[in-house]
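Novice: Have a look at this prediction, sequence included:
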Amino acid sequence: MAENLAGRVGRIISGGFNALVDAVENLSPEMVMEQAIREIDDAIDDVRAELGREAAHKHLASKRIMEENGKHEELSERIEVALAEGREELAEAAIARQLDIEAQIPVLEQSLTERAAREKELEGFVQALQAKRRQMREELDGFRQARREAAGLEHSNGSSAQRSGATVSSKVTKAESAFHRVLQAQTGLPSGAAQTDARNLAQLAELEDLARTNRIKERLAQAKQKLETNG
């Protein structure tokens with residue numbers, strides 16, 4: 001979509017009433033009101049489609065976390081078996097795989113949290129659009145009723161039109177404050193944060209390798225101690 005959902009919802013909720021005021025001034029409000037309601041229906045459909053996609057992504061992220069946790073537990077069992085058989089090299093390989101899983105799980109959990117927040121936000125969009133639709137439908141019904149009443153009072157057509165416009169304008173003023181929530185742009189790290197020379201990067205990589213090796217050895221020692229204690 002060329003226009004993002006947050007901008008579109010915000011425009012419909014706030015800007016739609018400005019178009020309504022212009023239509024009233026041009027004495028052709030019904031057509032604009034009906035078009036605005038159709039646009040709201042289209043926006044609701046689009047938001048619900050996006051909501052469905054977010055729900056699917058959230059389900060996949062949750063499923064992935066469960067799978068990785070299951071693999072982690074399975075590897076723990078394999079480490080014990082490998083140590084019982086005197087195969088430390090196999091135990092080290094299993095521990096290395098566990099560390100990889102442990103590095104990925106926080107990222108998956110963060111993704112799950114973000115998906116849930118986005119899903120909640122989209123649900124808010126749907127509720128706001130539905131409220132807007134009900135409000136505009138009431139505006140349209142009220143305008144039609146007022147025009148039917150005015151049709152039987154030819155001598156007061158001028159003053160009736162003024163009162164109708166004033167009534168709608170008053171409702172517009174109240175409605176413009178109904179929705180001000182806009183999707184906040186996510187900010188990343190400043191560009192300067194990634195400006196590290198090649199030498200520093202190589203040193204950091206070497207340090208990470210050393211730390212990883214130490215974690216493997218520590219985990220291996222813990223597994224051995226656990227085996228000895230249980231034995």
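Specialist: Perfect, I can see it now.
Novice: I figured Ala43 hits Ala128, correct?
Specialist: No - with contact defined as Cβ atoms under 8 Å, Ala43 does not count as touching Ala128 (10.0 Å). From N, CA and C alone the C-beta is placed, and that goes for glycine too.
Novice: Neighbour count for those two, which is higher?
Specialist: Shown here are Ala43 and Ala128; by other Cβ atoms under 10 Å, Ala43 has more neighbours (23 against 20).
Novice: joint contacts of Ala43 and Ala128?
Specialist: Val9 (Cβ atoms under 8 Å, 6 or more residues apart in numbering).
Novice: Mind picking out the helix or strand in this structure with the poorest mean pLDDT?
Specialist: When each helix and strand of the chain is scored by mean pLDDT, DSSP states H and E, helix 157-175 comes last, with a mean of 46.
Novice: residues in contact with Arg144?
Specialist: Glu30.
Novice: For the helix or strand where Arg38 lies, name the packing helices and strands.
Specialist: Here Arg38, judged by DSSP states H and E, is contained in helix 29-84. If you count contacts as 3 or more Cβ pairs under 8 Å, 6 or more residues apart in numbering; DSSP states H and E, helix 29-84 packs onto helix 5-10, helix 16-25, helix 88-151, helix 198-230.
Novice: Those: lowest mean pLDDT?
Specialist: Sorting the helices and strands packed on helix 29-84 by mean pLDDT places helix 16-25 lowest, at a mean of 53.
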